[in-house]
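> coords below, sequence missing:
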């Protein structure tokens, strides 16, 4: 399993008009090629009256599956530009479909490449990108007076405070990057003067929002 990678939020859309042609961008997180194809077909069905439904996707930990489809546009002017945007943004498990309703003005090869690339970027930015990090959960139990100190100090770190349980003591569920496990236990022991009770929970991916470039 990858320690971290970029992908999109579950699903999103965007739209723009270029030279009277309407470009609708559909973006979805797809973890298998079957999911990608089903999504593409669903958009084609939704916009069966469109001039083109062009698409591209990247699937797999190591980008093993990469496909692009021009859907009737001149070869290399639609699917490949969409795919190049996915690669440039380093996105995994992502499918983009750009639907075009022709507005009567031909864009030329260069214009088409720019239109499909910009539509893909607009759709991805509208959907949102996340970094998925493989993180170790720590269950940390402390006395109440330590809570404020931990909450303040954790904001200065890469650790992720997921939630807090309040009983006779305070139990914090903190997620730690896999390469920071040793430093976390040292950090918590120093912060609590070794009074915190630590135990490991689950190992899972947590998603961190990535600002648009």
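Everything's here; your move. Source: prediction; values computed, not measured. Numbers count the residues shown, from 1 in each chain.

> all contacts plus neighbour counts: C-alpha atoms, from now on.
Will do.

> For stretch 128-136, give the mean pLDDT please.
For stretch 128-136, the mean per-residue pLDDT is 96.

> which of the residues in that stretch are buried?
Using 16 or more other CA atoms under 10 Å as the test for burial, stretch 128-136 gives 128, 129, 130, 131, 132, 133, 134, 135, 136.

> Residues contacting the lengthiest helix in the chain, please?
Longest helix of the chain, by residue count under DSSP state H: helix 108-127. With CA atoms under 8 Å, 6 or more residues apart in numbering as the test, helix 108-127 has contacts from 8-16, 18, 23-27, 74, 76-79, 81-82, 84-85, 96, 98, 212.

> So how do I select the buried members of those in PyMOL?
Selection of the buried residues among the contacts of helix 108-127 in PyMOL, burial being defined by 16+ other CA under 10 Å:
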select buried, resi 8+9+11+12+13+14+15+16+23+24+25+26+27+77+78+79+81+82+85+96+98
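
> Restricted to helices, list the contacts of helix 108-127.
Short answer: the contacts of helix 108-127 in helices (DSSP H) are 79, 81, 82, 84, 85.

> before we move on, back to that, tell me which residues in the longest helix of the chain are buried?
For helix 108-127, by 16+ other CA under 10 Å, it's 112-127.

> what does stretch 168-175 give?
Result for stretch 168-175 [16+ other CA under 10 Å]: buried residues 170, 171, 172, 173, 174, 175.

> And these, which two are furthest apart?
Greatest spacing in the buried residues of stretch 168-175, by CA to CA: 170 and 175 (16.2 Å).

> Distance check, residue 62 against residue 29.
Using CA to CA, to the nearest Å, residue 62 is found at 16 Å from residue 29.

> So for these two, which sits in the more crowded spot?
Using other CA atoms under 10 Å, the more surrounded residue of residue 62 and residue 29 is residue 29, with 24 against 9.
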